[in-house]
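In: Return atomic coordinates for the entry below.
(one chain, ligands or ions: 1)
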Amino acid sequence: MIKTLDVTYEEYLTWDELSPEDLNLVKEARRARESAYAKYSQFKVGAAILLDNGKILTGNNQENAAYPSGLCAERTAIFYAIANYPLAIIRKMAVVAGKEEDNSEPVSPCGACRQVLLEYESRQKKPIEFLFTGMKGRVIKFSKCSDLLPFTFDGSLL
Ligand SMILES: [Zn+2]
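Out: From the prediction side, this is the model:
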């Protein structure tokens, strides 16, 4: 038997189409991108998280000469947020990425970051909205992170 998965997401052709709240979060992610430590790839990524207490926390990619020791912007931001506000609910995350200032292609999160996002979405039992974009232009928005990683491995299996 063959089965098919349907995934629903929103696409915006320009940042101007975003809600004020989403646009603000995207701009915070772009600002965070500027201070990324991307010495080896030059591929800078910024992430911004909006908590239910209204706080916005940011992170960016942190590279290392020992490549696997570095960390993506998404995980830098989410670990920072939860380390400081362990009881807060994450409402949404925005990610802005690109090597070039004129990159307009959305850059989706890696598998490891999807796994981490799912851990916290599962823990808080409330969806985390997730937006990703390049330096301008198109934005992809998911209403929940579980749509980013079907057949998730989670704690219920342990
Ligand atoms: Zn990642």
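In: contacts and neighbour counts: CA atoms only from here.
Out: OK.
In: Those residues of this structure touching the ion, which are they?
Out: 72, 110, 113 (Cα under 5 Å from the ion).
In: now do 6 Å
Out: Residues of the chain lying near the ion by Cα under 6 Å from the ion: 72, 109-110, 112-113.
In: could you flag which of these are buried?
Out: Among the residues of the chain next to the ion, those buried by neighbour count (16 or more other Cα atoms under 10 Å) are 72, 109, 113.
In: Restricted to helices, list those residues.
Out: With DSSP state H as the criterion, helices contain C113 from among these.
In: As a markdown table, the buried ones among the residues of the chain next to the ion with pLDDT would be great.
Out: Shown next, in a markdown table, are those (pLDDT from 0 to 100):
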| residue | pLDDT |
| --- | --- |
| C72 | 98 |
| P109 | 97 |
| C113 | 98 |
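In: Which one of the buried ones among the residues of the chain next to the ion is nearest to L148?
Out: Relative to L148, the closest of those is P109; by Cα to Cα it sits at 8.8 Å.
In: Next one: the closest residue to that closest one other than its chain neighbours from L158, what distance?
Out: Nearest-residue entry for P109: E74, 7.6 Å, with adjacent residues in sequence omitted and distances by Cα to Cα, 6 or more residues apart in numbering. For E74, the distance to L158 (Cα to Cα, to the nearest Å) stands at 25 Å.
In: can you check T8 too?
Out: With Cα to Cα as the criterion, T8 and L158 are 29 Å apart.
In: same check, this time on D102
Out: According to Cα to Cα, D102 and L158 sit 45 Å apart.
In: related to what we said a few turns ago, quick check, nearest of the buried ones among the residues of the chain next to the ion to P127?
Out: For these, the nearest to P127 is C113 (15.6 Å; Cα to Cα).
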